[in-house]
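Enquirer: Got a sequence here, can you model it:
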Amino acid sequence: MSDTDRRPRVIQGPESVPVSLRINGRPRVLQVEPRVSLLDALREHLGLTGTKKGCDQGTCGACTVWSDGRRVLACLMLAVTVAGREITTIEGLAGDDGPHPMQRAFVENDAFQCGYCTPGQIMSAVKLIEEGNAVTDEDIAEFMSGNLCRCAAYPNIRAAIRQVRDGAGGAS
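Expert: Numbers count the residues shown, from 1 in each chain. Take a look at the predicted model:
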């Protein structure tokens, strides 16, 4: 074997490309490799660490954000595929008047234990109500089933959703 055969090979990925996104109402242009997930673009390139990396396989829901107003799992989306779309993260949910009613309801109902899943739970819960899928506890459980809570705070999460749905947490 020659010396050149013993040198470690340097493996390079694809060249970075510009990606234009609207994140929480602000236009942003990122330079990312085409294989970078939306989750990694948010966390590593923009410093928006509210969206959590749980399973990195789309099974836990910790990375739930909105793309053009629809719930998506950021770990399964490539940043280049959402170019030009409006992305809303947990950091963009609160308004000028303070926390979103769902955020307040989660605190008031102790709908979190360790808090790791909470951002994804909240993002999904807001859309659940907007979609009209929070009629019964069974509906809430079914339509929130993609958001796992390893601490089993599900009864409190459902209570927070009911509170906002019923208007006790303020208008959403």
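
Enquirer: Show me the helices in this protein, by range?
Expert: With helices called from DSSP state H, the chain shows them at 3-6, 38-40, 101-108, 118-130, 137-143, 154-165.

Enquirer: In contact with the residue nearest the centre of the chain, which residues are there?
Expert: By C-alpha atoms, centre = their mean, the chain has its centre lying nearest to T64, at 2.7 Å. Going by C-beta atoms under 8 Å, 6 or more residues apart in numbering, T64 touches T51, R71, V72, L73, A74, P119, G120, Q121, M123, S124, G146, N147. Placement of C-beta: from N, CA and C, glycine included.

Enquirer: Not counting sequence-adjacent ones, nearest residue to it?
Expert: Of all residues beyond its chain neighbours, the one nearest T64 is G120 (3.9 Å), with distances taken as C-beta to C-beta, 6 or more residues apart in numbering.

Enquirer: What about the one you found, how many residues nearby?
Expert: Per other C-beta atoms under 10 Å, the neighbour tally for G120 reads 27.

Enquirer: For it, which residues are in contact?
Expert: Taking C-beta under 8 Å, 6+ apart as the criterion, G120 is in contact with T51, K52, G54, C60, G61, A62, C63, T64, N147.
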